[in-house]
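In: After the sequence you'll find the predicted model.
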Amino acid sequence: MSTRRDSREKGPTTKVIQALSSALGSDPYAPIVTPIYRTAPFMFPREDSPMIRGRPYKYSREDNPTIVTLEKAITILEEGEDTLVFNTGMAAISTLLFALLGPGDRVVATREAYGSTLHLLKELERWGVKVVLAGPDSGDIASEASKPGTKLVFVETITNPLLHVTDVPEVAKAARESGAILVVDNTFATPILFRPLRHGATLVVHSLTKYMAGHNDVMGGSVTGPASIVSDRLWEWRKIMGTTMDPEQAFLVARGLKTLEIRVKRHCENALKIAEFLAEHPKIREVYYPGLPGNPSHSVAKRLFPSGMYGGVVSFRVRGGRNEVLKLMRRLTLVKPSPSLGAPESLLAYPVESSHSSLSPEERKALGITEDLVRLSVGLENYEDIIEDLDQALSAL
């Protein structure tokens, strides 16, 4: 019998499960699952204090073993050097921007970014940060990103809610030309579909509330990247801003990561079926899903994502506008009206009143976020049941 070791790299689910179960090898009780360390302070100073990032454990606003275990698992998934987790996705983005930007800095951001991200960038202009919105075409973003004096570029792998797929390698090349930091929000894609650091990104952010945790029961955010940024500057800013994740949040997100790959595959399979159904429905004016061959992002998605996987969100326009949208949401029974995504339950969001409600009507219109647009986070239910619910509700309009 051969004793040759298989040199094949372990898969992402195996890596995460191993990371989460072996993180506390020094614990005399040898727990399979990292426990919740529900403590604010630790004994300090002490000669035998465990160290993390060259610092002893002192206070959970700085570091906590449950939180650190999650950070190590996300670092493995995104193939970075270090990760910090935060109490929400916007806490992660806010801390990152405050840590890295100052008066006079030039930021290039996709104009289709999440509404709260756009709102935050607009507020930063009051402090002297120059914000340039570009895209959604990747060439337009790359053109702005390559201009001298650009400090930071912010894009989303898949934009919210119109689901354009950013050509991250193209934007990364442009950012390198100007010496800019490239930040990629990978929430919609997850590291199962795409790992931005492999393709030239500097930092990757997530709303862990969505697919990474995956159960609609916890909030969180993360930033992954080089230790020179994450372990020092961002760590200091997380400490002074108090945006650290709670240990129980970390425990729940870590639980979700163990099934991330399985869930994302099912989300993608279901979403493609739903998109194909909606594309043929007479009550639907337009469907946005990168898995459809006619979608403008289809070729980029095929090049960057694993075969047959295009994400778990489908957006579409309902004929008749706002009144018909509201009727649709009332008629649905299995699909629930809600502004979140990435969980077992199928959820229908109305972007003009949720993710992009902070923008003016004129700004929303310029982005294509109009009153006939809805965003469907396709859940893990049997796809036939989701289609049946959508069909009965649409047929009643």
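Out: All right, it came through fine.
In: With just CA atoms, put the biggest helix by length in the chain into CSV.
Out: Taking DSSP state H as the criterion, the chain has its longest helix at helix 260-279. Extracted in CSV, the C-alpha atoms of helix 260-279 (Å, rounded to 0.1, in the frame of the first residue of the first chain):
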residue,chain,number,x,y,z
LEU,A,260,-20.5,28.5,4.2
GLU,A,261,-19.4,26.6,1.1
ILE,A,262,-22.4,24.2,1.2
ARG,A,263,-24.9,27.1,1.7
VAL,A,264,-23.4,29.3,-1.1
LYS,A,265,-23.5,26.5,-3.6
ARG,A,266,-27.2,26.0,-2.8
HIS,A,267,-27.9,29.8,-2.9
CYS,A,268,-26.3,30.0,-6.4
GLU,A,269,-28.1,26.9,-7.8
ASN,A,270,-31.5,28.3,-6.6
ALA,A,271,-30.8,31.9,-7.8
LEU,A,272,-30.0,30.8,-11.3
LYS,A,273,-33.3,28.8,-11.5
ILE,A,274,-35.2,31.8,-10.1
ALA,A,275,-33.5,34.2,-12.5
GLU,A,276,-34.4,32.1,-15.5
PHE,A,277,-38.0,31.8,-14.4
LEU,A,278,-38.3,35.6,-13.9
ALA,A,279,-36.7,36.4,-17.2
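In: from the middle of its chain, how far away would stretch 78-96 be?
Out: 10 Å (C-alpha atoms, centre = their mean, to the nearest Å).
In: for the record, mean pLDDT for it?
Out: The predicted model assigns stretch 78-96 a mean pLDDT of 98.
In: So for that stretch, what gets flagged as buried?
Out: The neighbour-count check on stretch 78-96 (16 or more other C-beta atoms under 10 Å) flags 78, 80, 82-96 as buried. Using the backbone N, CA and C atoms, a C-beta is placed for each residue, glycine as well.
In: same check, this time on stretch 274-285
Out: 274, 275, 277, 278, 279, 281, 283, 284.
In: correct me, but the fourth one touches residue 284?
Out: This points to residue 278. Yes: assessed by C-beta atoms under 8 Å, residue 278 is found in contact with residue 284 at 5.0 Å.
In: what is in contact with these two at once?
Out: Shared contacts of residue 278 and residue 284, defined by C-beta atoms under 8 Å, 6 or more residues apart in numbering, comprise residue 316.
In: For residue 160, see how far away the closest residue to residue 149 other than its chain neighbours is.
Out: Of all residues not flanking residue 149 in the chain, residue 106 sits nearest, at 5.2 Å (C-beta to C-beta, 6 or more residues apart in numbering). For residue 106, the distance to residue 160 (C-beta to C-beta, to the nearest Å) stands at 24 Å.
In: quick one, which of these two is more surrounded?
Out: residue 160 (26 against 20; other C-beta atoms under 10 Å).
In: how about that one, what does it touch?
Out: 112, 113, 114, 187, 188, 313, 355, 375.
In: Could you do residue 325 as well?
Out: By C-beta under 8 Å, 6+ apart, the residues touching residue 325 are 318, 350, 371, 372, 374.
In: and the third one, how many neighbours does it have?
Out: This means residue 371. For residue 371, using other C-beta under 10 Å, the count is 20.
In: Among the contacts of residue 325, which one sits closest to residue 57?
Out: Of all the contacts of residue 325, residue 350 has the smallest distance to residue 57: 44.5 Å, by C-beta to C-beta.
In: Direction included, what does the helix or strand where residue 375 lies pair up with?
Out: Assigned by DSSP states H and E, residue 375 belongs to strand 373-377. With DSSP bridges as the test, strand 373-377 is paired with strand 313-318 (antiparallel), strand 347-349 (antiparallel).
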